[in-house]
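# structure for the following, please:
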Amino acid sequence: MTTNSSHNHRYYYPTPSYRSSSSSSSSASFRGCCCCLFLLFSFLALLVLAVVLVIILAIKPKKPQFELQQVTVQSMGITTNPPSFAAPNDGSIPTATAATTVSLSLTILLLFNAVNPNKVGIKYGESRFTVMYKGIPLGKASVPGFYQEAHSKRQVQATIVVDRVNLLQADAADLIRDASVNDRVELRIFGDVGAKIRIMNFDSPSVQASVNCAIVISPRKQSLTDKRCGFDGLSV
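Next up is the predicted model:
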């Protein structure tokens with residue numbers, strides 16, 4: 001008896017992985033979009049930079065002038081306050097409870113001259129100024145912000161009021177000597193000025209400048225006798 005055994009051969013073919021192919025295609029497409037966006041933004045940035053450079057070269061910005069033009073002493077008063085004494089309970093010699101002080105009252109009108117030599121306008125921020133005597137702050141003044149047209153001049157006023165500031169010991173003696181003997185009181189006025197260039201309704205980044213003035217006042221005449229000013233730091 002012959003037995004025929006039949007062998008069935010089955011063949012398995014690998015099925016294509018559509019998911020992997022689709023994922024690779026999406027990743028490549030995403031990278032391509034990122035590259036395109038990067039190139040686009042780079043081109044726009046270079047274009048904006050080129051436009052800004054062209055505008056700067058066209059207007060040729062110059063350093064604006066902001067200087068202290070005039071100082072007027074509206075009032076000045078110096079009052080000497082003698083020391084006070086306290087009587088002890090035991091009947092001994094009274095002792096001084098406070099040293100001699102000097103009260104200074106002063107009103108100064110500052111007149112600044114702002115000159116804009118540029119072809120575009122300049123926007124000034126609020127400016128603050130301090131008056132000092134021998135390193136002692138006496139008072140402050142502020143100038144509101146303002147906009148200045150191209151090729152224009154403008155005068156800006158500020159008032160510094162010193163209301164009965166007390167000076168002690170050596171500083172008081174120096175002030176009395178300067179005022180009564182020398183008729184020469186030297187003060188220092190300093191502060192910061194912020195400015196921006198305005199081009200087509202766009203403001204440039206703010207830059208700071210410093211105003212530093214040494215002025216000499218005659219208490220008898222209540223007038224300015226000398227002025228030395230510096231203006232540094234503002235560049236456009």
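# so what's T80 up against?
The contact partners of T80, by Cβ atoms under 8 Å, 6 or more residues apart in numbering, come to 100-102, 172, 176. (Each C-beta comes from the backbone N, C-alpha and C, glycine too.)
# those residues in strands, which ones?
The strands, defined by DSSP state E, take in 101-102 from these.
# please check the contacts of T80 and keep the buried ones.
101-102, 172 (16 or more other Cβ atoms under 10 Å).
# from the contacts of T80, which two are the most distant?
Using Cβ to Cβ, the two most remote members of those are T101 and I176, lying 10.9 Å apart.
# after the strand or helix carrying S42, which helix or strand is next?
Taking DSSP states H and E as the definition, S42 sits inside helix 18-59. The C-terminal neighbour of helix 18-59 among helices and strands, as given by DSSP H and E, is strand 65-81.
# list the buried residues in that next one.
66, 68, 71, 73, 76, 78.
# roughly how far is it from the heart of the chain?
24 Å (Cα atoms, centre = their mean, to the nearest Å).
# do stretch 175-190 as well
30 Å.
# endpoints of it, how far apart?
Using Cα to Cα, to the nearest Å, one end of stretch 175-190 lies 20 Å from the other.
# ok, and for that stretch, which residues are buried?
175, 178-179, 185, 187-190.
# now do that stretch, average pLDDT.
The average pLDDT within stretch 175-190 is 88.
# what's in contact with that stretch?
With Cβ under 8 Å, 6+ apart, stretch 175-190 has contacts from 68, 78, 80, 102, 104, 110, 129-133, 138, 160, 167, 210-221, 225.
# please indicate which of those residues are buried?
68, 78, 102, 104, 110, 129, 131, 133, 138, 160, 167, 211, 213, 215-219.
# the contacts of stretch 175-190 in strands, which ones?
Using DSSP E, the contacts of stretch 175-190 in strands are 68, 78, 80, 102, 104, 110, 129-133, 138, 160, 167, 210-218, 225.
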